[in-house]
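Visitor: 3D, please:
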Amino acid sequence: MKPTITLFAISLALAASAPALAGGSAEAGKAKSTVCAGCHGPDGNSPTPLFPMLAGQHADYLLHSLRSYKNGKRKNPVMQGQVASLSDRDMEDLAVFFSRQHGLIQKY
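Guide: Model (predicted):
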């Protein structure tokens, strides 16, 4: 009985989190990512260790990070300025685009 309840709880949690990125579009994210390219590279593979690699990161992590910069939980004046005008849809699109690029995660 206990494993069934655990499996149900996990399934419910996954189902609840799925809609967060359901609307994200990699194609739209690519179009919106041009401003990110200056620091993070055109596909999210940063040309310098000064800026994080976005390519291949999990979309939920990227979305959480963008939202945290926007709401001030993560402090970085440059990033806070970059995300200030982004809508939730913009952030979802960017997260999906960068998560689908070959980079950090695929290297391991």
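Visitor: Please, where are all the helices along the protein?
Guide: 2-17, 19-22, 26-32, 37-40, 59-71, 77-83, 88-99 (DSSP state H).
Visitor: what's the average pLDDT for the second one?
Guide: Same thing as helix 19-22. In this model, helix 19-22 carries a mean pLDDT of 52.
Visitor: residue nearest the centroid of the chain?
Guide: Leu62 (2.2 Å; CA atoms, centre = their mean).
Visitor: Correct me if wrong: it contacts Phe98.
Guide: Yes: if you go by CB atoms under 8 Å, Leu62 and Phe98 touch, sitting 5.7 Å apart. Yep, even glycine has a C-beta here, placed from its N, CA and C like the rest.
Visitor: Next, show the common contact partners of these two.
Guide: Common contacts of Leu62 and Phe98, defined by CB atoms under 8 Å, 6 or more residues apart in numbering, comprise Leu54.
Visitor: What residue, apart from its backbone neighbours, is nearest Ser65 spatially?
Guide: The shortest distance from Ser65 to any non-neighbouring residue, by CB to CB, 6 or more residues apart in numbering, is to Arg74 (6.6 Å).
Visitor: Run a quick neighbour tally on the one you found.
Guide: As a burial measure, Arg74 scores 15 neighbours (other CB atoms under 10 Å).
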